[in-house]
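S.K.: need a 3D model of the sequence below.
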Amino acid sequence: MNQAEDNGRDDKTVRKEEILERAQSAYEAVVAIAKEARRLNAVPGVYLKDEERPLPRAVKNFVDGKVEYEVEGGGTGGGRSAGQGKKRA
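M.R.: You can find the predicted model right below:
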């Protein structure tokens, strides 16, 4: 049984709560995910596989904790210390 079967959803579905666990607000999450999607789409064929779309991948990266973002005026988003994330949006 894989993780998707354990929590009763398919791999492509992300709950709002999962996103909000990683951000102080929905607005911060949307901005960080949008920046990650733009980064993924910046160089065709480098970050995305064939036919893979940037937004779903950006959401997955965000939920998996692979996106580090900084809120203007100080602090690192998502309650992480600087340098802990793998990618910067």
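S.K.: in this structure, which spans are helices?
M.R.: With DSSP state H, the ranges of helices along the chain come out as 3-6, 16-20, 26-41, 54-63.
S.K.: what sits up against the third one?
M.R.: It stands for helix 26-41. Helix 26-41 has contacts (C-beta atoms under 8 Å, 6 or more residues apart in numbering) with 16, 19-20, 22-23, 47-48, 54-55, 57-59, 61-62, 67, 69, 71, 77, 87, 89. In this view, the C-beta of every residue, glycine as well, is placed from N, C-alpha and C.
S.K.: of all the residues in that helix, which ones are buried?
M.R.: 28-29, 31-33, 35-37, 39-41 (16 or more other C-beta atoms under 10 Å).
S.K.: now the angle from that helix to helix 54-63?
M.R.: 120 degrees (axes from the mean of the first three to the mean of the last three C-alpha atoms, to 10 degrees).
S.K.: just the C-alphas of helix 26-41, formatted as PDB.
M.R.: The C-alpha coordinates for helix 26-41 follow below in PDB (Å, rounded to 0.1, in the frame of the first residue of the first chain):
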ATOM      1  CA  ALA A  26      -2.800  31.300   2.100                       C
ATOM      2  CA  TYR A  27      -1.500  34.400   0.400                       C
ATOM      3  CA  GLU A  28       2.100  33.500   1.300                       C
ATOM      4  CA  ALA A  29       1.500  29.900   0.000                       C
ATOM      5  CA  VAL A  30       0.100  31.100  -3.300                       C
ATOM      6  CA  VAL A  31       3.000  33.600  -3.900                       C
ATOM      7  CA  ALA A  32       5.600  31.000  -3.000                       C
ATOM      8  CA  ILE A  33       4.000  28.300  -5.300                       C
ATOM      9  CA  ALA A  34       3.600  30.800  -8.200                       C
ATOM     10  CA  LYS A  35       7.300  31.700  -7.900                       C
ATOM     11  CA  GLU A  36       8.300  28.100  -7.800                       C
ATOM     12  CA  ALA A  37       6.200  27.400 -10.900                       C
ATOM     13  CA  ARG A  38       7.900  30.200 -12.800                       C
ATOM     14  CA  ARG A  39      11.300  28.900 -11.700                       C
ATOM     15  CA  LEU A  40      10.400  25.400 -13.000                       C
ATOM     16  CA  ASN A  41       9.100  26.800 -16.300                       C
END
